[in-house]
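>>> Here is a sequence together with a model predicted from it:
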Amino acid sequence: RDHEFLNDSLIDFYLKRLQQNLEPEDQRRCHFFNSFFYKRLLQSMGKAEGGEQLRAAYMKVRRWTKGHDLFSKDFIFVPINESLHWSLAIICRPGTHAREQQRLNSAGPSHGEQWLAGDGAAAQQCSRLSHRGSGSDEEQHGSSTEPDDNL
């Protein structure tokens, strides 16, 4: 249909459906933000430049994560709407990266490239997890496969 757009209610509905179709253990490993989080995060940051301004911006969105330790999650799902287009950011293993950053105490470009390129297992798990709940394995991959116990 012309001039009809995918709206935030449909995005939130689909994300809830994905979440509900996950096994309970997988649900505990994931955090799903709703479609308003990213917009509110950007609004709160405004033109924050320094540490104090960024802390103040964080205070405006901290209730969105109250009771959730995001760094203990394996996957964080963030729907993003920019210029009438929807994207879904999937942050894989944020705690691993945060611990590594603390350990190295710097984020030089070579370290960042190593981390992104060296964690193929995380990317593979992100891909498999993001496909769950959207149809059978046979529909997605063209053949029947056994469930992956490593998820």
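Structure's in. What do you need?
>>> Sketch out the helices for the chain, chain order is fine.
8-20, 24-28, 37-45, 51-61, 94-104, 109-118, 120-131, 137-141 (DSSP state H).
>>> just the angle between the longest one and helix 37-45, please?
On the basis of axes from the mean of the first three to the mean of the last three Cα atoms, to 10 degrees, helix 8-20 is oriented at 120 degrees to helix 37-45.
>>> how about helix 8-20: buried residues?
The neighbour-count check on helix 8-20 (16 or more other Cβ atoms under 10 Å) flags 11-12, 14-15, 18-19 as buried. For glycine as for every other residue, the C-beta is placed from the backbone atoms N, C-alpha and C.
>>> Also stretch 87-94?
Result for stretch 87-94 [16+ other Cβ under 10 Å]: buried residues 92-94.
>>> Same check on stretch 52-67?
Judged by neighbour count using 16+ other Cβ under 10 Å, the buried positions of stretch 52-67 are 57, 61.
>>> contact partners of it?
By Cβ atoms under 8 Å, 6 or more residues apart in numbering, the residues outside stretch 52-67 that reach it are 31, 33, 37, 40-41, 44-48.
>>> Could you pull up phi and psi at Asn7?
phi -100, psi 170 (degrees, to the nearest 10).
>>> Report how many residues lie close to it.
Asn7 has 12 neighbours, counted by other Cβ atoms under 10 Å.
>>> cool, Ser83 as well?
Neighbour number of Ser83 under other Cβ under 10 Å is 4.
>>> Tell me how far Glu23 lies from Pro94.
To Pro94, Glu23 is 21 Å away according to Cβ to Cβ, to the nearest Å.
>>> ditto for Phe36
Phe36 is 20 Å from Pro94, by Cβ to Cβ.
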